[in-house]
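[1] sequence and computational prediction follow.
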Amino acid sequence: MKKLNGTGVALVTPFKKNGKIDFNGLEKLVKYVSDNHVDYLVALGTTAETTTLKQEEKWDVIKCIQSANYKKLPLILGLGGNNTEDIVNKINSIKNLSDFYAILSVSPYYNNPSQEGIYQHFKSIVVNCTETNIILYNVPKRTGSNIIPDTVLRLAFDYENIIGIKEASGNVLQSYRILERKPKNFSVISGDDFITLPIILSGGEGVISVIAQGFPDKISHMISLAKRNDVKKAFSIFYNIMRIIDLIYEEGNPTGIKTFLSVIGICNPYVRLPLLVGTPSLRKRMLHSLNEINQ
């Protein structure tokens with residue numbers, strides 16, 4: 001299994017005003033990012049509002065993405081939670097597991113497990129789901145607990161099919177400590193658009209990005225430049241769009257990115273409760289920033 005390189009996109013789930021899934025919008029989004037040089041797609045992650053989707057809706061989203069993708073790009077499936085046995089059962093129930101490059105599995109949330117508990121959670125997934133590759137997902141702001149570097153490295157060395165981590169702790173030093181000692185074939189992937197470049201420049205493989213679905217070509221080019229160590233040009237792209245990145249997180253994710261996707265005509269801005277649609281003020285400022293970028 002080769003490393004997961006480059007630009008991944010954490011796809012949103014577009015909705016209609018009535019709250020139903022907008023499959024036309026989802027198809028348009030998949031085509032837009034795949035035509036603009038991203039390297040792989042991530043379905044049913046945090047940005048997809050997965051916790052508000054019924055199980056049948058989740059499979060409909062997957063089928064839509066697969067159909068729109070035409071097996072052009074590798075597909076990562078988000079599937080994690082705080083009930084270990086349930087996650088194992090769900091992974092083993094997937095009929096065409098070979099269609100997915102890997103499972104992106106978030107660290108258990110709400111339970112607040114110890115580091116040993118986190119280790120045993122992922123060990124159980126790997127031992128009982130031997131046919132798939134696992135990418136750890138560390139996002140303490142949402143889960144309430146951090147996977148510390150020693151736990152990441154222990155899992156990486158103990159299990160070959162734990163192939164990487166989406167690191168979204170916001171702590172670049174934590175990424176450095178993993179990169180310093182990780183196995184050769186283990187990928188460190190930025191899960192934070194703001195610190196993607198430092199992680200890549202220190203040896204990371206790329207990013208699973210939110211903003212890349214708004215600027216797929218720009219982000220893909222930026223990542224490519226960074227991997228070629230063309231630091232000045234990579235940062236020039238980042239600084240050019242940094243204000244938009246600020247704005248997409250101002251009212252929360254995916255409210256911000258959906259607002260931006262509606263500004264550029266890809267899909268509707270609608271979200272499901274408890275999230276709220278982006279404010280008119282946010283939309284206006286996004287339009288202003290986009291006009292400045294395009295000048």
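    Structure's in. What do you need?

[2] show me what contacts His221?
    Residues near His221 by CB atoms under 8 Å, 6 or more residues apart in numbering: 37, 237. Yep, even glycine has a C-beta here, placed from its N, CA and C like the rest.

[3] what strand or helix carries it?
    Element membership for His221, per DSSP states H and E: helix 216-227.

[4] just the pLDDT for Lys2.
    Model confidence at Lys2, given as pLDDT, is 54.

[5] does Gly164 sit in a helix, a strand or a coil?
    strand (DSSP: H, G, I helix; E, B strand; the rest coil).

[6] any idea how far it lies from Asp35?
    Counting by CB to CB, to the nearest Å, the separation of Gly164 from Asp35 is 26 Å.

[7] comparing those two, which shows the higher neighbour count?
    The neighbour comparison of Gly164 against Asp35 (other CB atoms under 10 Å) goes to Gly164, with 26 against 11.

[8] which other residues reach the helix ranked longest in the chain?
    Criterion DSSP state H: the longest helix present in the chain is helix 231-250. Residues outside helix 231-250 that contact it (CB under 8 Å, 6+ apart): 193-194, 197, 201, 210-211, 214-215, 218-219, 221-223, 225-226, 256-257, 259-260, 282, 285-286, 289-290, 292-293.

[9] mind doing that once more with 7 Å?
    By CB atoms under 7 Å, 6 or more residues apart in numbering, the residues outside helix 231-250 that reach it are 193-194, 197, 201, 210-211, 215, 218, 221-222, 225-226, 256-257, 260, 282, 285-286, 289-290, 293.

[10] from the chain's centroid, how far away is the helix holding His221?
    Chain-centre distance of helix 216-227: 16 Å, with CA atoms, centre = their mean, to the nearest Å.

[11] helices of the stretch 1-150 of the chain, start to end?
    Using DSSP state H, counting those that start in this stretch, the helices found in the stretch 1-150 of the chain span residues 23-34, 55-69, 84-93, 115-128, 140-143, 149-158.

[12] same for the longest one, what does it pack against?
    What that stands for is helix 55-69. helix 23-34, strand 40-43, strand 75-78 (3 or more CB pairs under 7 Å, 6 or more residues apart in numbering; DSSP states H and E).

[13] next, the buried residues of that helix.
    58, 61-62, 64-66, 68-69 (16 or more other CB atoms under 10 Å).

[14] and Leu179, what does it touch?
    Leu179 sits next to 188, 202-204 when contact means CB under 7 Å, 6+ apart.

[15] and it, what element?
    Using DSSP H and E, Leu179 falls in helix 172-181.

[16] next SSE downstream of that helix?
    Using DSSP H and E, the first helix or strand after helix 172-181 is strand 187-190.

[17] any chance of JSON lines for the helices of the stretch 1-150 of the chain, columns distance to Glu251?
    Formatted as JSON lines, the entries for the helices of the stretch 1-150 of the chain read as follows, by distance: least, CB to CB, whole Å:
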{"stretch": "helix 23-34", "distance to Glu251": "20"}
{"stretch": "helix 55-69", "distance to Glu251": "23"}
{"stretch": "helix 84-93", "distance to Glu251": "30"}
{"stretch": "helix 115-128", "distance to Glu251": "31"}
{"stretch": "helix 140-143", "distance to Glu251": "15"}
{"stretch": "helix 149-158", "distance to Glu251": "31"}
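
[18] which one, of these, ends up nearest to Leu276?
    Closest to Leu276 of the helices of the stretch 1-150 of the chain is helix 140-143 (CB to CB; 17.7 Å).

[19] circling back to that earlier point, need the helices of the stretch 1-150 of the chain in JSON lines with mean pLDDT and distance to Ala102, can you?
    JSON lines is the format used below for the helices of the stretch 1-150 of the chain (pLDDT from 0 to 100; distance: least, CB to CB, whole Å):
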{"stretch": "helix 23-34", "mean pLDDT": "98", "distance to Ala102": "18"}
{"stretch": "helix 55-69", "mean pLDDT": "96", "distance to Ala102": "14"}
{"stretch": "helix 84-93", "mean pLDDT": "94", "distance to Ala102": "11"}
{"stretch": "helix 115-128", "mean pLDDT": "97", "distance to Ala102": "12"}
{"stretch": "helix 140-143", "mean pLDDT": "94", "distance to Ala102": "19"}
{"stretch": "helix 149-158", "mean pLDDT": "98", "distance to Ala102": "14"}
